[in-house]
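Peer 1: take a look and give me a structure for this.
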Amino acid sequence: MIFNSKALITQKFSAPNKHFGVDVIPSDGTGLGANIYAPFSGYVMYLNQPGLAGYYLRMYPNTTGEGKSYLIFCHLNYNDWKNRQNGIVEAGSIIGKMGNSGNATGAHVHLGLLLDGKYVDPLLFPEIQTYLGLTPGGQSFSQTGTGSINYTNEISQFWKGLGGIEKIFILLFGVWFVKQYIL
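Peer 2: Predicted coordinates for the structure are as follows:
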């Protein structure tokens, strides 16, 4: 999970409002400085964008830190961020601490997902819902006041049975399909 406890969603993804991710806090009440754990093994790059994302990181699903598909974790704690170095991390390792840097109005983590360079609602993916400690299918979303996403059990079971490469292929196919037929 992202924290030592489930995440509570404080703000949803909203493209019209230019909020390209979800804001989360730990459900156990841990505040500023709560550990953030890596969702998968990959490459982490630490960056700074004063006035917006603040101290943040990009996490790539590869060992090179290259590509247009990655997760971003924004508003990190500076005292932790300044001591970190870019590099390969293992799933479950601490990659940062929750902060309130940038344009944050309080301690939280802004989690964003870019696929092929385009922001996508991270809650559309059962793996990210699970990473946040939410129940795919929407039950936990309703409890946090964020509505629900309705996945059928068949789709969830199908997705859980796929390997990592198969999932990446499906995601990339989806990006291609949207570009070809919708945009």
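Peer 1: which stretches of this protein form helices?
Peer 2: Taking DSSP state H as the criterion, the chain contains helices spanning 78-81, 126-131, 139-143, 153-161, 164-181.
Peer 1: worst mean pLDDT among the ones you listed?
Peer 2: The stretch with the lowest mean pLDDT among those is helix 139-143, at a mean of 33.
Peer 1: so how far is the first residue of stretch 93-100 from its last?
Peer 2: Looking at stretch 93-100, the gap from its leading to its trailing residue is 21 Å under the measure Cα to Cα, to the nearest Å.
Peer 1: relative to residue 75, how far out is residue 97?
Peer 2: To residue 75, residue 97 is 11 Å away according to Cβ to Cβ, to the nearest Å. Every C-beta, even on glycine, is put in place using the N, C-alpha and C of the backbone.
Peer 1: who's in contact with residue 94?
Peer 2: Applying Cβ atoms under 8 Å, 6 or more residues apart in numbering, we find residue 94 in contact with 35-38.
Peer 1: beta-bridge partners for it, please?
Peer 2: Here residue 94 sits in beta bridges with residue 37, going by DSSP bridges.
Peer 1: distance of it from residue 126?
Peer 2: 24 Å.
Peer 1: before we move on, what about residue 119?
Peer 2: As defined by Cβ to Cβ, residue 119 lies at a distance of 19 Å from residue 126.
Peer 1: now residue 97
Peer 2: Residue 97 sits at a distance of 27 Å from residue 126 (criterion: Cβ to Cβ).
Peer 1: hmm, residue 98 is touching residue 23, no?
Peer 2: No. Using Cβ atoms under 8 Å, residue 98 is not in contact with residue 23; the gap is 10.8 Å.
Peer 1: of those two, who's got more company?
Peer 2: residue 98 (25 against 21; other Cβ atoms under 10 Å).
Peer 1: residue contacts, the nearest residue to the more buried one once chain neighbours are set aside?
Peer 2: Across the structure, with Cβ to Cβ, 6 or more residues apart in numbering as the measure, the residue nearest residue 98 apart from its sequence neighbours is residue 34 (4.3 Å). Residues touching residue 34, when contacts are defined by Cβ under 8 Å, 6+ apart, comprise 3-4, 25-26, 97-98, 107.
Peer 1: and with 10 Å instead?
Peer 2: If you count contacts by Cβ atoms under 10 Å, 6 or more residues apart in numbering, residue 34 has them with 2-5, 25-26, 28, 77, 96-99, 107-109.
Peer 1: do the same with residue 65
Peer 2: Here residue 65 is in contact with 42-45, 58-59, 86-88 (criterion: Cβ under 10 Å, 6+ apart).
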